[in-house]
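J.: Give the three-dimensional model of this entry:
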Amino acid sequence: MSDFRPVSPRVVPRFAGVSTFLRLPLHAGPDDVDCLIVGAPFDGGTSFRPGARFGPRGVREASALTRGYHPDPGVDLFAHLRCADGGDVLCVPMDLPRTLDHLAARAHEIAAAGAVTAFVGGDHTCTLGVLRGIARVHGPLGLVHFDAHSDTYGPAWGCDPHHGTVFRNAVEEGLLRPRDVIQIGLRGPYSTADDLAFARDAGFALVSAEEVHRDLDGVLARIRAMPATGPYYLSFDVDAVDPSMAPGTGTPVPGGIFSWQALALVRATRHLPVVGCDVMEVSPGLDLNGITSLLAANVLAESLAAIAARRASATPSPR
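T.: Below you'll find the predicted structure:
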């Protein structure tokens, strides 16, 4: 267990050493870990400002400030989840189909070994490849999705998929259980009155950023009421958070949720059997003092802590 814990900052200062996710050891194989964190340095599906290909590097550096003990839910993440940095997937900047194949293969390898897949992007197109790989092992997935956008839109300039089509593609490919999907942080203005039509027709639960601000407790209750009857995936686009707190992203939308709300909402997933998670759309070149990368690193840690808390609650207490 001790081999898969972060380097102690009392041994190596947080500003020193080679940057890895959460200061964890580099470890390519998934067979002897509970979770493998992998970078997806790709932004070839981006429709506006590029730069998310550098997201994994930014999050690795920022995650030097993350810590293992989470007072809510009262769990030492690394005591219940053996985690490692699995390096980056080979993402080919001018070849989206091949990149998605590589992501699917890596996600499948991790899931087939019985480990949790955690990906850091990269634009949201990467999630489609990851879902393809995980669904080959676990079948259709429930989804808790944080985003300013529903990502269920149609092709752009004749291109499909791109980072705004991912969850439509996933439904059409049978990768999701649509009635077990909730999208949180959505907000307009929209390009057309029908921008959310696919999500509504599919049966997604849609929660606006305004609703989070008006009734956070109610939204937390909706997450906690989601049925834990099948595997789930947790996907977090940093543009769900207001650009005043997460400016380093390609398609920022004013009026987003706050960072503390985002972390509380992620923690509310602790009852769900989450088999994979991601944090996407971090663009360090568009960031301000690294605050978006820092938020993404903490979202990653909170996502894993929620998984660890579920495992801890399922572990019998010693007599």
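J.: What strand or helix carries the residue nearest the centre of the chain?
T.: Centre of the chain computed as the mean C-alpha position; nearest residue by C-alpha atoms, centre = their mean is residue 278, 2.2 Å away. In the assignment (DSSP states H and E), residue 278 maps to strand 274-280.
J.: Please state the mean pLDDT value computed over that strand.
T.: Averaging pLDDT along strand 274-280 gives 98.
J.: list the helices and strands that strand packs on?
T.: Strand 274-280 sits against helix 96-112, strand 116-121, helix 125-138, strand 232-237, helix 291-314, with contacts defined as 3 or more C-beta pairs under 8 Å, 6 or more residues apart in numbering; DSSP states H and E. Backbone N, C-alpha and C define where each C-beta goes, glycine included.
J.: how about CSV for those, with mean neighbour count added?
T.: What follows is those, written out as CSV (neighbours: other C-beta atoms under 10 Å):
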stretch, mean neighbour count
helix 96-112, 20
strand 116-121, 28
helix 125-138, 25
strand 232-237, 27
helix 291-314, 23
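J.: want to try TSV for these, with mean pLDDT as columns?
T.: Output for the helices and strands packed on strand 274-280, formatted as TSV (pLDDT from 0 to 100):
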stretch	mean pLDDT
helix 96-112	98
strand 116-121	98
helix 125-138	98
strand 232-237	98
helix 291-314	96
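J.: Touching, the residue nearest to the centre of the chain and residue 234? I think so.
T.: Yes - with contact defined as C-beta atoms under 8 Å, residue 278 and residue 234 form a contacting pair (7.5 Å).
J.: Now do the buried residues in stretch 248-257.
T.: 248, 249, 250, 251, 252, 253, 256, 257 (16 or more other C-beta atoms under 10 Å).
J.: Can you measure across it, start residue to end residue?
T.: 15 Å (C-alpha to C-alpha, to the nearest Å).
J.: report the angle between the axes of the strand holding residue 278 and helix 96-112?
T.: Relative orientation of strand 274-280 and helix 96-112, computed by axes from the mean of the first three to the mean of the last three C-alpha atoms, to 10 degrees: 140 degrees.
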